[in-house]
Every structure is written in C-alpha cells, then in structure tokens.
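Asker: Here you go, sequence then predicted model.
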Amino acid sequence: PLAPLLLYRCEEQHLSAILELFDGLCSSWTLLPIGAWDTAFQAQGAFLVSKLADPQWALANISERQNEIAARAPQLAPLMCRNYSPLAWDEVRHHFTSHTSEGINMDAGGFNPFRRDFGDLLPGENFVEALMRVFDAPFAAALSAYDRVVLDKEQTLTVKDVERRHPDYFAKAYGYALSELKNGRQ
C-alpha cells in the first residue's frame, strides 16, 4: 500500500514525478493489487481525520486528490475514483475496433503473451494476433490487480507497452474489466 499512499500524501508539485515512478520498473500502477489502493484510501482517510476530526473535509480532500491523479493518469480513475462509471462492453469493443486498432502496427508482429496462459479468463474475441496483444493487455492488468493471475515479466512489459502506446483504449478497457471483476461477472 505504500506506492498508492505516496500519491495521496505527496505535495501536488511532486505528483507527476511520483506517477512516473513505475516508468523504469517492471511493473505498473495498474498492476498493483486492488487491496493496496483500498488500504491507502483508508490510511489517508484516517490520517486526515486524525488531523482535523472532520470526516467530510477528509473525504473532500481525498476526492480532490483522486481527481488530480485521474486527470494526469486516466487509467487510474477506476482504481481511485469512487464515482467512476465504466463504459459498457459494446462501447469498449467499438472504441478498440474503430480507433485503437487503426493505430497498431501490424507489420511489427506482436506475439500475444496473454492467451496462452489465461485465455479462458479473457474476453471471447478473435482478432488477428497483433491486435489481440493490445486488446488483451488491459484485461490481463485487471485480472492481475484482482490477484486472479500472476503476470510474468513479458506479460508485465506488454501491459506497460500497451498502456503507454494506447492510453485511451487501455483506460477504458481496464475500467470496464475492473468493474466486471468487482461485480463478479468475469
């Protein structure tokens, strides 16, 4: 829970630097366990209440920080923002097929490291392999955040690559996948 707690507690001018913390590591903010985000939220709430004894102020302060983080890293909105509302499946799929897939370099190949290990947990889509690598990454990240799978180094680096190259799609699909897992539908 230390990494998410850093986001809550750092001064605003250091927020971007803290968000960049995972850039050089073989991990990502989106791969941290859901429990770490919940623990950090609870710890920050308790800390703020202990300082001012005003739970409403504490909640407003936390919500403001969550919104600041989500503005800089939209893929973290479903992890942090309590009022986050994910897209429906049709919208996520449509965004991928109409926007994201056009930006994928089909000549570069791109082996999909996710289907071989946990294809039965991923959406039942069947695009060409170069597209499936990008399509599956946010779903694999959500499964990892919920401790349903353990990603190896290649899978982790693929998640990071897709998150960096296709941030809009990643954020939308990741938010959808997290909400499905939270509600026990995946």
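Answerer: Thanks, I have it. Please read these numbers as outputs of a predicted model, since none were measured by experiment. Numbers count the residues shown, from 1 in each chain.
Asker: Now do the contacts for the most centrally placed residue in the chain.
Answerer: For the chain, T30 is the residue whose C-alpha lies nearest the centre (C-alpha atoms, centre = their mean; 3.6 Å). Counting by C-beta atoms under 8 Å, 6 or more residues apart in numbering, T30 makes contact with 75-76, 79, 138, 141-142, 145, 159, 163, 170, 174. (Each C-beta comes from the backbone N, C-alpha and C, glycine too.)
Asker: Looking at those, spot the one nearest R116.
Answerer: Taking C-beta to C-beta as the measure, R116 sits nearest to V159 out of the contacts of T30, at 15.2 Å.
Asker: what's the burial count for C26?
Answerer: Neighbourhood size, C26 [other C-beta atoms under 10 Å]: 13.
Asker: oh sorry, the question was meant for T158
Answerer: Residues lying near T158 (other C-beta under 10 Å) number 23.
Asker: where does this protein dip in pLDDT?
Answerer: For the chain, the stretches with pLDDT under 70 are 1, 105-110, 186.
Asker: Where do the helices of it begin and end?
Answerer: Assigned by DSSP state H, the chain shows helices spanning 2-9, 15-19, 34-52, 55-72, 77-80, 89-95, 115-118, 129-145, 153-165, 167-182.
Asker: now R82: how far from G103?
Answerer: From R82 across to G103, the span is 32 Å (C-beta to C-beta, to the nearest Å).
Asker: go on, S63?
Answerer: Counting by C-beta to C-beta, the gap from S63 to G103 is 33 Å.
Asker: same check, this time on D90
Answerer: 20 Å.
Asker: cool, I18 as well?
Answerer: Taking C-beta to C-beta, one finds I18 at 28 Å from G103.
Asker: the more surrounded of the two?
Answerer: The neighbour comparison of I18 against G103 (other C-beta under 10 Å) goes to I18, with 18 against 11.
Asker: Go ahead and confirm the more buried one touches R9.
Answerer: No. Assessed by C-beta atoms under 8 Å, I18 is found out of contact with R9, at 9.4 Å.
Asker: Alright, I will stop here.
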